[in-house]
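1. Predicted structure and sequence below. I'll ask about it afterward.
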Amino acid sequence: MRALLPALVLLITTAGPAQAHAGGLTPQDHLSRVTGIVPPLPGVTAAMVNHGTQLEIRNGGAVAITVGGAGGRTADHAITPGETYRYRDDRTTAPQWEVPLGGSVIKGRVDVVPGPKPLWWLLITAALALGGYFLGRARALLAVGVVVVTAAHAWHAVGSTLAVTGGSFVPLLLGASGVGLVAWPLTVVAAVAAVRRKPATAFVAAVVGAMLVVAGIPDFDSFRFSQLPFAGPADVDRLLVALTLGGGLGLAAGGFDYLRRTGSTT
């Protein structure tokens with residue numbers, strides 16, 4: 001196990017961190033929404049997807065419809081029956097916006113919601129870090145902590161991946177997980193080591209904790225913006241981020257403190 005330490009330290013310090021959320025989507029305080037199609041077109045729907053960055057038009061009608069361009073920057077595009085057309089339109093960033101669609105108009109607006117006070121989430125993160133550190137009192141507690149914190153990171157990664165429309169799930173999940181993905185199988189190692197009462201439990205817990213901190217650093221913005229690209233309530237995602245960062249830091253400190261006190265890594 002001692003021989004593995006340099007390799008794991010190198011992995012943690014050189015691996016690229018995860019994207020804050022899958023697909024390059026970022027937390028923000030504004031979100032563009034479609035309010036309706038006026039007048040309505042039978043079988044045709046429109047919505048903003050990918051955290052308000054793209055306009056998606058589904059033509060479930062019997063005839064082709066054309067979405068109008070914006071001053072030559074976006075060419076007119078004919079949407080055939082059964083087709084879903086998804087694209088980025090600069091017009092959808094205006095406070096109140098319209099996009100021509102056949103003989104109708106897609107209407108929408110940009111909602112702005114102030115973000116939360118990040119101090120409270122930082123305090124929660126610090127409390128979780130302290131709790132994670134005290135798990136270092138026993139190998140079994142460290143193993144439980146590893147499972148909980150890793151599950152939080154995995155939930156965050158999956159939730160942000162499910163918030164993306166039109167992408168392949170696995171590549172998006174890998175991008176959202178980053179080095180934290182390596183921690184997932186190591187969690188199994190920590191659990192098995194704990195069941196077998198091996199001192200290696202603390203070592204693996206410390207390494208997993210450090211990896212999850214690296215993976216969670218880009219998610220700090222989740223604490224200060226109101227709109228998060230996550231398939232679920234924003235506060236759930238913030239709690240998952242706090243668990244990943246705070247719990248990971250606590251596990252790293254608690255695991256290495258256990259090794260220091262017991263003088264063993266094997």
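-> That came through fine.

2. Only C-alpha atoms from now on, for both contacts and neighbour counts.
-> Noted.

3. Need the contact partners of the host helix or strand of Leu181.
-> Assigned by DSSP states H and E, Leu181 belongs to helix 180-195. Identification of contacts with helix 180-195 by Cα atoms under 8 Å, 6 or more residues apart in numbering yields 18, 139-140, 143-144, 146-147, 150, 153-154, 174, 199-202, 204-205, 208, 211-212, 214-215.

4. Excluding chain neighbours, what is closest to Arg91?
-> Distance criterion Cα to Cα, 6 or more residues apart in numbering; nearest residue to Arg91, sequence neighbours excluded, is Trp97 at 6.3 Å.

5. so what secondary structure elements neighbour whatever helix or strand that neighbour lives in?
-> For Trp97, the enclosing helix or strand under DSSP H and E is strand 96-101. The elements that strand 96-101 packs onto, with contact taken as 3 or more Cα pairs under 8 Å, 6 or more residues apart in numbering; DSSP states H and E, are strand 65-67, strand 104-112.

6. Now find how far off-centre the shortest one is within its chain.
-> Counting by Cα atoms, centre = their mean, to the nearest Å, strand 65-67 is centred 34 Å from the centre of its parent chain.

7. Summarise which helices and strands that strand is packed against.
-> Right, strand 65-67 is packed against strand 77-79, strand 96-101 by 3+ Cα pairs under 8 Å, 6+ apart.

8. 10 Å instead?
-> Counting contacts by 3 or more Cα pairs under 10 Å, 6 or more residues apart in numbering; DSSP states H and E, strand 65-67 packs against strand 77-79, strand 96-101, strand 104-112.

9. Now render those as a markdown table, adding distance to Leu249 and mean neighbour count.
-> Below are these laid out as a markdown table (distance: least, Cα to Cα, whole Å; neighbours: other Cα atoms under 10 Å):
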| stretch | distance to Leu249 | mean neighbour count |
| --- | --- | --- |
| strand 77-79 | 51 | 16 |
| strand 96-101 | 44 | 19 |
| strand 104-112 | 33 | 18 |
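
10. is it possible to export these to a markdown table including mean pLDDT and distance to Val67?
-> Formatted as a markdown table, the helices and strands packed on strand 65-67 follow (pLDDT from 0 to 100; distance: least, Cα to Cα, whole Å):
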| stretch | mean pLDDT | distance to Val67 |
| --- | --- | --- |
| strand 77-79 | 92 | 5 |
| strand 96-101 | 95 | 4 |
| strand 104-112 | 96 | 9 |
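
11. could you dump those to CSV with distance to Leu31?
-> CSV is the format used below for the helices and strands packed on strand 65-67 (distance: least, Cα to Cα, whole Å):
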stretch, distance to Leu31
strand 77-79, 25
strand 96-101, 12
strand 104-112, 5
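
12. what about the helices in the protein?
-> 4-14, 118-134, 139-162, 169-177, 180-195, 200-216, 234-242, 248-262 (DSSP state H).

13. Show me how far the fourth one is from its chain's centre.
-> Centroid displacement of helix 169-177 relative to its chain, using Cα atoms, centre = their mean, is 10 Å.
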